[in-house]
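# Need a 3D model of the following:
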Amino acid sequence: MSENTANRWIKPVLITALLWNILGVFAFIMQLSLTPEMVSKLPQEQQLAYNNQPLWATLAFAIAVFGGALGCVLLLFKKSLAALTLIISLAAVLAQQYYNFMIINSISLFGVSAIFMPIAVTLIAIALVYLSFHLKQQDYFK
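Here you go, the predicted model:
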């Protein structure tokens with residue numbers, strides 16, 4: 001893949017994906033920063049969900065967002081380790097969605113609108129894995 005062709009669309013896509021994942025990092029930090037007073041203002045069911053979240057679900061969230069951000073940085077620097085990093089991030093996204101939909105039933109907690117962001121997160125994670133494999137086939141990596 002020529003440098004000019006790659007630079008036309010890859011860098012803007014990867015920068016956008018990196019910003020998306022940085023927003024996820026901020027969401028993770030905000031969740032960790034919730035004080036007991038903040039949680040107490042939520043409806044009772046949501047309080048239970050926040051207070052009883054298992055460590056593995058929190059770790060899945062962290063791995064998903066930090067892995068996604070790192071994977072995008074690695075793609076920007078044309079490092080082939082990006083593909084593995086993004087696969088791990090996708091696996092963490094899927095674990096997180098399992099928790100959200102199968103264990104705590106986030107739709108009943110937050111309403112039907114709670115389905116749109118997880119779908120977007122999952123589709124973007126899948127797209128990034130696909131992109132990393134596509135770029136590998138195009139000899140993008142150093």
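# next structured bit after whatever helix or strand residue 37 lives in?
For residue 37, the host element (DSSP states H and E) is helix 36-40. Note on helix 36-40: by DSSP H and E, the next helix or strand toward the C-terminus is helix 44-51.
# on that earlier part again, quick one: mean pLDDT for the helix holding residue 37?
Helix 36-40 comes out with an average pLDDT of 94.
# Show residues contacting it.
Here helix 36-40 makes contact (C-beta atoms under 8 Å, 6 or more residues apart in numbering) with 47, 50-51. (C-beta placed from N, C-alpha, C; glycine too.)
# Just the C-alphas of it, formatted as CSV.
Only the C-alpha atoms of helix 36-40 are listed here, as CSV (Å, rounded to 0.1, in the frame of the first residue of the first chain):
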residue,chain,number,x,y,z
PRO,A,36,-21.0,6.9,47.5
GLU,A,37,-23.0,10.2,47.5
MET,A,38,-23.2,10.2,43.7
VAL,A,39,-24.3,6.5,43.7
SER,A,40,-26.9,7.2,46.4
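# Figure out how far the host helix or strand of residue 19 is from the centre of its chain.
Of the helices and strands defined by DSSP H and E, residue 19 is found in helix 3-32. With C-alpha atoms, centre = their mean, to the nearest Å as the basis, helix 3-32 stands 10 Å off its chain's centre.
# Buried residues in stretch 96-108, which are they?
Under the neighbour-count criterion of 16 or more other C-beta atoms under 10 Å, stretch 96-108 has 96-97, 99-100, 104, 106 buried.
# Closest one of those to residue 137?
residue 97 (27.9 Å; C-beta to C-beta).
# can you list the residues that contact the helix or strand bottoming out on mean pLDDT in the chain?
Lowest on mean pLDDT, DSSP states H and E among the helices and strands of the chain sits helix 106-110, with a mean of 87. By C-beta under 8 Å, 6+ apart, the residues outside helix 106-110 that reach it are 45-46, 49, 100-101, 114-115, 118.
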